[in-house]
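**Q** coordinates only, no sequence provided:
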């Protein structure tokens, strides 16, 4: 993908250089080069960001991984901590 990005930016730079005005060249460069590639790279990196967020969520504050206990469902203890089986009634 990087070779495509480099080639396209080369083409866009040459297109921008042939514009009759500097403002037109800048608008061409950003409109055909920077803006589309920022969107493409943002969308292409979403899977990587999602994986990093999931990995960070599975770690505790001190950096050790959380290992789930077999047969235990988080939040299925019947209410707030320390209220017993009847839920504090």
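**A** Nice, thanks for sending it over. It should be emphasised that the depicted structure is a prediction, and the values quoted were computed from it without experimental measurement. Numbering: from 1, shown residues only.

**Q** quick one: list the elements packing against the helix of greatest length in the chain.
**A** The helix that spans the most residues within the chain, counting by DSSP state H, is helix 2-17. Using 3 or more CB pairs under 8 Å, 6 or more residues apart in numbering; DSSP states H and E as the contact test, the elements touching helix 2-17 are helix 22-29, helix 35-44. Using the backbone N, CA and C atoms, a C-beta is placed for each residue, glycine as well.

**Q** and among the ones you listed, the most buried is which?
**A** Among the helices and strands packed on helix 2-17, helix 22-29 has the highest mean neighbour count (mean count of other CB atoms under 10 Å), at a mean of 13.

**Q** got the angle for that helix vs helix 35-44?
**A** When axes from the mean of the first three to the mean of the last three CA atoms, to 10 degrees is applied, the directions of helix 22-29 and helix 35-44 differ by 20 degrees.

**Q** contacting residues around helix 22-29?
**A** With contact meaning CB atoms under 8 Å, 6 or more residues apart in numbering, helix 22-29 is reached by 12, 13, 15, 16, 17, 19.
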